[in-house]
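Undergrad: Quick one: sequence and predicted model below, then my questions.
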Amino acid sequence: MLRNYLKIAVRNLWRNKVFSGINVTGLAVGLASCLLLFMYISHELSYDDFQQKADRLVRVTMEYSMEGRVAKIPETGTKVAPEFGRHFPEIESGVRMINREAVVLNGDRQFSEKRLVFADSAFFTLFSFPLLKGNPQTALVGPNVVVLSETTAQKYFGAVNPVGKTLRINTGGSFRDYAVTGVVGDCPANSQIKYDLLASFATLPAAKTEEWYSSNYATYLLLRSPGAIAPLQAKIPGFMKTQFGKDEMSAGSYLTYNLEPLRQVHLHSNVEGMFEPNGDLMYIYIFGSIALLILVIACVNYVNLATARAVERAQEVGVRKVMGAMQGQLFGQFIGESVIVTSVALPLALLLAGLMLPLFNTLSDRQFSFDVWLRPGNLLLLLGVGAVVSLIAGSYPALVLARFQPIRVLKGQLKTVGAGQFRKGLIVFQFAITAFLITSTLLVRNQLSYIQQKKLGYTKDHVLLLPVDKQVLAKIRSIKSEFRQNADVQQVSLASESPVFINGGYGMRRANMPDGAYKMVAGLQIDEDFIKAVGLHILAGRDLTQTDVEQASVPDGDSLNYYHFIPNESAVKELGWTPEQAIGQKIDMNGRKGEIKAVVADFHFASMKQKIGPLLLFPEMGGEILLVKLSGSQLPNTLQFLESKWRTIIPDRPFAYEFMDEEFNKLYAAETRTGQIFSVFACLSIFLACLGLFGLSAYATAQRTKEIGVRKVLGASVASIITLLAKDFLKLVFIAILIASPLAWWAMNSWLQDFAYKITIDWWVFALAGLLAIGIALLTVSFQSIRAALMNPVKSLRSE
């Protein structure tokens, strides 16, 4: 009997190739979309799962307040790990880390590295990164030792064992010899800690001192038990109060530390990551919802087409019941057809997912491998999903068909009013999802466009960023002079950071404020050319001069240094002045004493998720980045010229540059990825909805072939017939738009709350999304309607 049912099912599917093809294609596309999105979601949720001691590991973040303004940062001082370890018995060990860019020399070969991480010797005790060569207990003990990642070791030494070899490394000062003591496995993609080289923390001067402030370091602690996190967190605020005098922590000021369980850092932390940007749990929900909705649309297509064709299968069911078939047997037969469709769709989905994987990797900025689906556990999961889809998609049509009463069917008294209403409800549901995704996609893209086009208050186009070390600083005047020989070079400036994201935190105070009272402010070290290089607007006062920089940079003369500060509007407002009133006022920034020389207009020096805060620009001879403002008229030739000059003046450092607009785009990489992925899968959902609507309109048109022929004989125009066939579907689409619009408004309004600067959600977005949905539906339905309207009425009347 099973063989007979299988044969009938295959014949039935083969006889209705169009509808079978629609079902198979819809399910395949839906399943392929789910496979790709599942890879992304599972990757994000698996961060740091490979760490064997993850349940006992915590990241320490710093929280401080000045006069009521609270800041939370991922960096800590060097004192946290050793002092906490001495004072709290809950702590077994700790590690301090900092990432540095470096130039590495191996013989006559030169390498520019962006991920050299200095770490304490307990690194391999805390973390489960496998040391492939070397001793994990001693690999990072003592100064000037380095461990290479497997890929880096291969790049430097090929197949030769690098342990015992020497590399010359410059991390911003001068070149030093480092002994290679080990080779560690490459960082997993789902690790929040990223490295290419690991150097000993004992190499740094910071290892010789312990400070609460000077917050530049990541700190991780290994606790003695997972349950120690909450008790230890409760002790820290009280302990920190004992570390400072009353004058240091007054007027609402405080300093404390928070513990974040390792596995929660990537998706749940409200403090940025040190080695790579955090993920966002909201995007996990978004992508999970999209995957589910796309699969639902595919299942709805199957249900709609199967129930629409129920009348054709009614006589078959009636005959089978008269011959003794039980309802359960009929249910099993039709579920079997669903299983066959899904069984064909599943390998096709795997093929589609494999073909789409390179594009998806580009969109998601990840390097997923399709091998993940060849693992036994994931194959079983895939088969399970296929079985669930078969059951969901086939159950309702099977129940409808199996419940037909044979006598009524054979007498031609079959009524499917309930099924028809159910199909209409599914069409509304389907296009509500589609309209929701269209609206959301438009709003996401509008916000990203707003970010790109918003006036930042500075110029980011054609500004070159070059890393700086002591060797560069020693020859900075020569570099500036040589670069300016090119007519395309407009300005050359030094700064401690790029204006795209200023991370330096300081305290500022007026001369008449009480001792120990500071207001929180971001700070940026600049030279006399910075304001011109990035195009800041001076509201009051005058720009810096070379003399101002020299007065603030007296060698070994802190008491002789005098600063000419340039605050932004927000900073002078915080201090209680207007820009004009601020000129000449005396202020102090963490011991740097001086006066305000100019005030610049506010500009965005952080993500637009944050409001513009107080900022102080201050002159000092030094910096970590060189900004070269170009006109952009002869860019390739200019870059070649700059590289030539650089190699002549700084032969031991690669000409490794980045454009400022590229750095700006990195701030919104997560939002850009989301917008791109949203757009692609919204298009797929539209395709699936149209596929189902195409099948239903084709079936409805075929059912009314004779009616159309009669109407044409009686003089009906092509337009009237198209309207007749399309209007019922378009009514359902219009209802779907009315349902989707408020849901899309609520969802996108919630998403936009993360941005301090954002678009307004205008009515025209919903109108445009609605027109797009109606237009897409009209095109889909019209194809069949026009075909039917143009058919020869003689053929139409003979069709039955």
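TA: Alright, I've got the coordinates.
Undergrad: what about the strands in the stretch 651-800 of the chain?
TA: Residue ranges of the strands in the stretch 651-800 of the chain, as given by DSSP state E, counting those that start in this stretch, are 658-659.
Undergrad: residue ranges of the helices in it, please?
TA: 660-667, 669-703, 705-713, 718-752, 763-789, 793-798 (DSSP state H, counting those that start in this stretch).
Undergrad: try the stretch 1-150 of the chain
TA: Under DSSP H, counting those that start in this stretch, the stretch 1-150 of the chain gives helices at 2-15, 17-45, 80-87, 123-126, 150-157.
Undergrad: Ok, which of those comes nearest G584?
TA: helix 80-87 (40.1 Å; C-beta to C-beta). (Each C-beta comes from the backbone N, C-alpha and C, glycine too.)
Undergrad: returning to that earlier point: confidence-wise, which of the helices of the stretch 1-150 of the chain is weakest overall?
TA: Per-segment mean pLDDT for the helices of the stretch 1-150 of the chain reaches its minimum on helix 2-15, at a mean of 62.
Undergrad: Could you dump the helices of the stretch 1-150 of the chain into TSV and include mean neighbour count and distance to S174?
TA: What follows is the helices of the stretch 1-150 of the chain, written out as TSV (neighbours: other C-beta atoms under 10 Å; distance: least, C-beta to C-beta, whole Å):
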stretch	mean neighbour count	distance to S174
helix 2-15	13	75
helix 17-45	21	40
helix 80-87	17	28
helix 123-126	22	25
helix 150-157	18	20
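Undergrad: So which of those is nearest G535?
TA: Of all the helices of the stretch 1-150 of the chain, helix 17-45 sits nearest to G535, with 38.0 Å by C-beta to C-beta.
Undergrad: what helices or strands is the helix or strand hosting Q452 leaning on?
TA: Per DSSP states H and E, Q452 falls inside helix 417-453. Here helix 417-453 touches helix 281-308, helix 669-703, helix 718-752, helix 763-789, going by 3 or more C-beta pairs under 8 Å, 6 or more residues apart in numbering; DSSP states H and E.
Undergrad: thought V303 was touching L426?
TA: Yes - between V303 and L426 there is a contact under C-beta atoms under 8 Å: 6.2 Å.
Undergrad: where do the contact lists of these two overlap?
TA: Common contacts of V303 and L426 (C-beta atoms under 8 Å, 6 or more residues apart in numbering): none found.
Undergrad: isn't R509 right next to M520, touching?
TA: No - the criterion here is C-beta under 8 Å, and R509 misses it with M520 at 10.8 Å.
Undergrad: Run a quick neighbour tally on the residue nearest to V95 when sequence neighbours are not counted.
TA: Here the nearest residue to V95 in space, its sequence neighbours aside, is D120; by C-beta to C-beta, 6 or more residues apart in numbering that works out to 4.6 Å. Per other C-beta atoms under 10 Å, the neighbour tally for D120 reads 23.
Undergrad: out of the helices of the stretch 651-800 of the chain, nearest to L391?
TA: helix 669-703 (19.2 Å).
Undergrad: Which elements pack onto the closest one?
TA: Counting contacts by 3+ C-beta pairs under 8 Å, 6+ apart, helix 669-703 is packed against helix 17-45, helix 281-308, helix 327-364, helix 417-453, helix 718-752, helix 763-789.
Undergrad: okay, the angle between the last one and helix 417-453?
TA: Meaning helix 763-789. Angle of helix 763-789 versus helix 417-453, following axes from the mean of the first three to the mean of the last three C-alpha atoms, to 10 degrees, is 130 degrees.
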